[in-house]
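Engineer: take a look and give me a structure for this.
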Amino acid sequence: MTGVPATWYLLLSAALFCIGAAGALTRRNGITIFLSIELMLNSVNLSIVAYARIASASGSLLASLDGKVLVLFVLAVAAAEAAVGLALFIAVYRNRREIDINRLNLMRW
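Structural biologist: You can find the predicted model right below:
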């Protein structure tokens, strides 16, 4: 098999996940946290595709298809999360004129 080794994809996936986790934990803007979570989901997708590539290199077609189907499910969850998350951010911004997570007390009594 020629091309980029699968371990490089896994290292890139780990780096992207760490960047996303750091962004989600250190930022206060809701949109930035949302984008960091999306980055973490995409890094998981990259690692799943890398493992599917490793499985297909060993000759197991079924394992390769399982990884690709799992990636499709993760993408569907990410798309649903994007739609609901952006709708929530728009609703909060219309009420408060800001999306600072520390200042949101919308659901408190």
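
Engineer: got the residue ranges for the helices in the chain?
Structural biologist: For the chain, the helices defined by DSSP state H occupy 6-26, 30-57, 61-96.

Engineer: okay, buried residues for the last one please.
Structural biologist: When you say that, I think you mean helix 61-96. 64, 67, 70-71, 78, 85, 89, 92 (16 or more other CB atoms under 10 Å). In this view, the C-beta of every residue, glycine as well, is placed from N, C-alpha and C.

Engineer: let's have those in a markdown table, adding pLDDT.
Structural biologist: Below are those laid out as a markdown table (pLDDT from 0 to 100):
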| residue | pLDDT |
| --- | --- |
| 64 | 61 |
| 67 | 73 |
| 70 | 79 |
| 71 | 80 |
| 78 | 83 |
| 85 | 83 |
| 89 | 81 |
| 92 | 79 |
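
Engineer: lowest average pLDDT across the helices of the chain?
Structural biologist: Mean pLDDT per stretch puts helix 61-96 lowest among the helices of the chain, at a mean of 79.

Engineer: check the offset of that one from the chain's centre.
Structural biologist: 8 Å (CA atoms, centre = their mean, to the nearest Å).

Engineer: among the buried residues of helix 61-96, which one sits closest to residue 19?
Structural biologist: Closest approach to residue 19 among the buried residues of helix 61-96 (CB to CB): residue 78, at 16.7 Å.

Engineer: how much space between the nearest residue to the closest one once chain neighbours are set aside and residue 22?
Structural biologist: Distances taken as CB to CB, 6 or more residues apart in numbering place residue 41 nearest to residue 78, at 4.7 Å, with adjacent residues excluded. The spacing between residue 41 and residue 22, counted by CB to CB, to the nearest Å, is 15 Å.
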